[in-house]
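Visitor: pasting a predicted model and its sequence here:
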Amino acid sequence: MRTYEGVRANPRAVFDRYSAWQVNKDAYLEVRGLRPADVSEAAAQFIYLNKTAWNGLYRVNRSGQFNVPFGLPKSSNIVALDALTAAAALLKRATINHGDFEQTLSTAEPNDLVFVDPPYVTAHNDNGFVHYNETLFSWSDQERLARRCADLRENGVHVIVTNAAHASVRDLYAGFYVTEITRHSTLAGNPAKRRSVKELIFSTQRPREA
Ligand SMILES: C[S@@+](CC[C@H](N)C(=O)[O-])C[C@H]1O[C@@H](n2cnc3c(N)ncnc32)[C@H](O)[C@@H]1O
């Protein structure tokens, strides 16, 4: 959220910060250890780490510190300035909330469209996200979210939800339309497992045939 706020406030300042950082292992470790002094630096650090960390992975240790190693990116370009200014223009029209989904979803009104992309259920095709999911978003959170989405549907709100393709998740969204998709995953720890993963898209509206 701080990254969105930093980009929205001053995309040029964010760009200038990360453009001054080299892309190599030593520079990476230095940037990773930075304690950002302001929102521009925080946004620059997050974007730089996202583009240079191993596989773009986000993972923290028990103390909440980002601990992904350097990732030898294919290119040392981080994000072009025009992409950042385009994002800033869009963000100026957005309201950014940071809080539990119950709080945000309570503002939805009939005919609004709500897109929900929660942390996926555990054992998401063995992609190594078990700890991330269990810590941040328990099964009871998944159930709580599904109940809230069903309430929204009852109130005439259009809802789209994504999650991993598991039978238990299908059960949570009984009554929603379901589309199963397959996409290439780049996030597996073991490259041999970096194959296609199945995901589910639940919706209150019948999806159009592709
Ligand atoms: C799969 S990611 C969403 C990624 C996002 N769609 C994007 O493209 O950047 C799931 C997000 O849910 C957030 N999250 C975890 N627990 C939450 C909660 N209780 N309420 C709202 N958001 C939560 C996580 O911080 C994470 O950013």
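Guide: Ah, there it is.

Visitor: okay, CA-based contacts and neighbour counts for the rest of this
Guide: OK.

Visitor: is the ligand within reach of stretch 72-91?
Guide: No - shown here: stretch 72-91 not in contact with the ligand (CA under 6 Å from any ligand atom), separated by at least 13.1 Å.

Visitor: to clarify, my last question referred to stretch 95-109.
Guide: Yes - Stretch 95-109 is in contact with the ligand by CA under 6 Å from any ligand atom, via 99-101.

Visitor: just for the protein, where's the confidence low?
Guide: 122-135, 186-194, 210 (pLDDT under 70).

Visitor: okay, domains of it per the record?
Guide: As given by automatic domain parsing, the domain ranges for the chain are 2-91, 101-203.

Visitor: any chance of those domains in JSON lines, plus mean neighbour count?
Guide: Putting those into JSON lines (neighbours: other CA atoms under 10 Å) gives the following:
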{"stretch": "domain 2-91", "mean neighbour count": "17"}
{"stretch": "domain 101-203", "mean neighbour count": "16"}
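
Visitor: I'd like the ones you listed written out as a markdown table, with distance to residue 209 added.
Guide: Shown next, in a markdown table, are these (distance: least, CA to CA, whole Å):
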| stretch | distance to residue 209 |
| --- | --- |
| domain 2-91 | 29 |
| domain 101-203 | 10 |
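
Visitor: could you point out the helix or strand that follows the helix ranked longest in the chain?
Guide: Identified as the longest helix of the chain according to DSSP state H is helix 139-154. Moving toward the C-terminus from helix 139-154, the next helix or strand (DSSP states H and E) is strand 158-164.

Visitor: much appreciated, bye for now.
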